[in-house]
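> What follows is a predicted protein model with its sequence.
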Amino acid sequence: MPVTHLTPVVPQISECSGDVLKIDHLHFSYPDGHVALQDVSLNLCAGEKVALVGPNGAGKSTLMLHLNGILTGEGNLSVGGMTLEKKNLPVVRAMVGMVFQNPDDQLFSPTVFEDVAFGPLHMGLPEAEVRKRVEVALQRVRMESYAERLSHHLSVGEKKRISIATVLSMEPQILVLDEPSAGLDPRARRALIHLLREMPITMLVSTHDLAMVREVFPRMVIMDNGRIVADGPTAELMEDEKLLTEHGLEKL
């Protein structure tokens, strides 16, 4: 699969048709006129693990906020074949497991069990199914013994795992994480890397942690100035020092 880094627009190199996520020619400007996304096209298929990297202000967070309709720009976006539009928002939001950088933005219930159960309960699922989903989600992040713990008493690393469990309990098609390794000590970061690498789910992860990208994500998408400027195999893009330097990144 060739590495592509053209200016100003990079063709989508993935051979898949975007069965999990398909973005076509997405544009977005904030009310103050700042253009945050320019002609962004991106496909993700089932099982892909993709890192979204680039300097601050590149448009990464803006792009991620489009995936569940928090922001809405011009262009086409679909998740699991379902177009992102007002009538489909509840379903699409359940399909996109969004994990924010600060876990305290996601954990607000007294106990871990209640936090992880929140999504399935609001999906109207019966109690037995909710309990099953909570159990499975906590097992997937290796936190099954924490169900009755108080969320606000946990470490940052533990909170990040529980935050992931809160979206896994909704059985999303894609897991979207914003800076998952930020604020973690080396041990917690290493545990998170193992978790993400082993988790069998489609992922799109925005991060500045290029060492983690090299270990976990076979595909890397580089954004700068609201555009995708490169999309290719991580191992190859990581060796392109000129490309990385041009877009605010450092070769490891």
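Yep, that arrived. Numbering: from 1, shown residues only.

> Could I get the full set of helices for the stretch 151-252 of the chain?
In the stretch 151-252 of the chain, the segments counted as helices under DSSP state H, counting those that start in this stretch are 156-168, 186-198, 210-216, 234-237, 241-246.

> Would you reformat those helices as JSON lines and include distance to residue 123?
Just so you know, the C-beta spots here come from the backbone N, C-alpha and C atoms, and that holds for glycine as well. Shown next, in JSON lines, are these (distance: least, C-beta to C-beta, whole Å):
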{"stretch": "helix 156-168", "distance to residue 123": "12"}
{"stretch": "helix 186-198", "distance to residue 123": "24"}
{"stretch": "helix 210-216", "distance to residue 123": "29"}
{"stretch": "helix 234-237", "distance to residue 123": "35"}
{"stretch": "helix 241-246", "distance to residue 123": "42"}
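
> so of those helices, which one's packed in deepest?
Each of the helices of the stretch 151-252 of the chain was scored by mean neighbour count; the highest is helix 156-168, a mean of 23, by mean count of other C-beta atoms under 10 Å.

> how many neighbours does residue 132 have?
Around residue 132 there are 14 other residues, counting by other C-beta atoms under 10 Å.

> My error: substitute residue 34 in the last question.
When neighbours are counted by other C-beta under 10 Å, residue 34 registers 11.

> Over to residue 252?
10.

> List the contacts of the residue nearest to it when sequence neighbours are not counted.
Once flanking residues are discounted, residue 252 sits nearest to residue 210: 5.7 Å by C-beta to C-beta, 6 or more residues apart in numbering. Neighbouring residues of residue 210 by C-beta atoms under 8 Å, 6 or more residues apart in numbering: 53, 238, 249, 250, 252.

> is it possible to export the residues you listed to a markdown table including pLDDT and distance to residue 41?
As requested, those are exported to a markdown table (pLDDT from 0 to 100; distance: C-beta to C-beta, whole Å):
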| residue | pLDDT | distance to residue 41 |
| --- | --- | --- |
| 53 | 97 | 17 |
| 238 | 95 | 23 |
| 249 | 93 | 21 |
| 250 | 89 | 27 |
| 252 | 81 | 28 |
